[in-house]
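S.K.: The sequence and its predicted three-dimensional model are supplied below.
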Amino acid sequence: MNEEKSRDYLAGRAKDLATRAYMNNFVTHTDFLSVSEQALFYNILASEKIPANVHEYHGAHFVMYGGNKDAERAMVCFLPDYMDEESFIMAEQEEPSVLACVRIKPVNAKFADNLTHRDYLGAVMNLGIERDQIGDIFAGENEAYLYATCDIAEMICKELIRIKHTSVKCETVKSSECNIEPKFEEIGGTVASERIDAILSFVYHLSRSEAQRLIEVESVYIDGRTAYSGGYDLKEGARVSVRGHGKFIYLGTENTTRKGRLFIKVKIFV
């Protein structure tokens, strides 16, 4: 599906879900969206003159939710009028109705393979499950946590019994029980400014023209939105994803050198 068709499909789907949530007063949601698909959704809002700080579409408030504060893949959840973003997330964490967290552990850790994110994802998709029904997977040394729609989570718990040569057991748990956090490396250095092209150059050891090229081909996303200009100044706490390179969180400036350069810090996810 090309980008124009993807945009038209997502716009139509989002409009239908928002209208149903507004008219029938219950939660509706998309499938899990990748970072680029989330950016596409925000571009649709922008094209309809909806301000970035207004989380409402066709009468329904919405929240981007992936089950975990560090989730990369997320659903757009459209809310009934009696529920706001905070109450929705609190309700989901206590008694999930939209997505569930599945803990996957080896039956016998002593004889378990060293399983990776790719192993967990491949085993789940071998059950016939589509990628957009699965959220993020956080893989640890002897366990993993996977986010999925509630019905898919139930299916995984019933049918996933082996990954490679390792027998596994699955159970749904509260999101708060996911104690695996993404690994990152904190680095610091100097840049001429907080422009996104300057910071991309620093983080990924690129020339400014190479950084600008990534922006021109719409491969850079800031807080889920496509970056269109190299002149955009990053704000402290901004989450940046770069297709083909990875993602990082901008931690802001610490001081200024005698020559007027800014000393910055970022967290690069590894």
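M.R.: Ah, there it is.
S.K.: Show me which positions of the biggest strand by length in the chain end up buried.
M.R.: When the chain is parsed with DSSP state E, its longest strand is strand 246-256. By 16 or more other C-beta atoms under 10 Å, the buried positions in strand 246-256 come out as 247-251. Yep, even glycine has a C-beta here, placed from its N, CA and C like the rest.
S.K.: which element follows it toward the C-terminus?
M.R.: Going down the chain from strand 246-256, the next helix or strand is strand 262-269, by DSSP states H and E.
S.K.: average pLDDT across that next one?
M.R.: If you average the pLDDT over strand 262-269, you get 94.
S.K.: Quick check: which helices or strands does that strand pack against?
M.R.: strand 184-191, helix 196-204, strand 246-256 (3 or more C-beta pairs under 8 Å, 6 or more residues apart in numbering; DSSP states H and E).
S.K.: returning to what we had before: give me the contacts around the longest strand of the chain.
M.R.: Residues outside strand 246-256 that contact it (C-beta atoms under 8 Å, 6 or more residues apart in numbering) are 35, 72, 184, 186, 188, 194, 199, 203, 234-241, 262-270.
S.K.: ok, now stretch 75-85?
M.R.: Against stretch 75-85 from outside (C-beta under 8 Å, 6+ apart): 14, 17-18, 20-22, 25-33, 38, 41, 55, 57, 60-66, 88, 91, 98-99, 135.
S.K.: among the residues you listed, which are in strands?
M.R.: Using DSSP E, the contacts of stretch 75-85 in strands are 28-29, 57, 60-65, 99, 135.
S.K.: and of these, the nearest to residue 215?
M.R.: Taking C-beta to C-beta as the measure, residue 215 lies nearest residue 64 of the ones in strands among the contacts of stretch 75-85, at 22.3 Å.
S.K.: which residues pair with the closest one across the strands?
M.R.: residue 76 (DSSP bridges).
S.K.: the inter-axis angle of the longest strand of the chain versus strand 184-191?
M.R.: Relative orientation of strand 246-256 versus strand 184-191 (axes from the mean of the first three to the mean of the last three C-alpha atoms, to 10 degrees): 50 degrees.
S.K.: Could you give the separation of strand 246-256 from the chain centroid?
M.R.: 19 Å (C-alpha atoms, centre = their mean, to the nearest Å).
S.K.: For it, give the mean pLDDT please.
M.R.: 92.
S.K.: Using CSV, write out the CA atom coordinates for that strand.
M.R.: Output in CSV follows, covering the C-alpha atoms of strand 246-256 (Å, rounded to 0.1, in the frame of the first residue of the first chain):
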residue,chain,number,x,y,z
GLY,A,246,17.5,4.3,15.9
LYS,A,247,16.0,6.6,18.5
PHE,A,248,17.0,8.9,21.3
ILE,A,249,15.7,11.3,23.9
TYR,A,250,17.0,14.8,23.9
LEU,A,251,18.0,15.8,27.5
GLY,A,252,18.7,19.4,26.8
THR,A,253,21.6,21.8,27.3
GLU,A,254,23.9,22.0,30.3
ASN,A,255,26.1,25.0,29.6
THR,A,256,27.7,27.1,26.9
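S.K.: need the helices and strands packed on strand 262-269 in TSV with distance to residue 168, can you?
M.R.: TSV is the format used below for the helices and strands packed on strand 262-269 (distance: least, C-beta to C-beta, whole Å):
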stretch	distance to residue 168
strand 184-191	27
helix 196-204	36
strand 246-256	28
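S.K.: Indicate which one of these is closest to residue 10.
M.R.: Nearest of the helices and strands packed on strand 262-269 (C-beta to C-beta): strand 246-256, 21.8 Å.
S.K.: Enumerate every residue touching the residue positioned nearest the centre of the chain.
M.R.: In the chain, the centroid-proximal residue (C-alpha atoms, centre = their mean) is residue 72; its distance is 1.6 Å. Counting by C-beta under 8 Å, 6+ apart, residue 72 touches 34-35, 66, 136, 241, 247.
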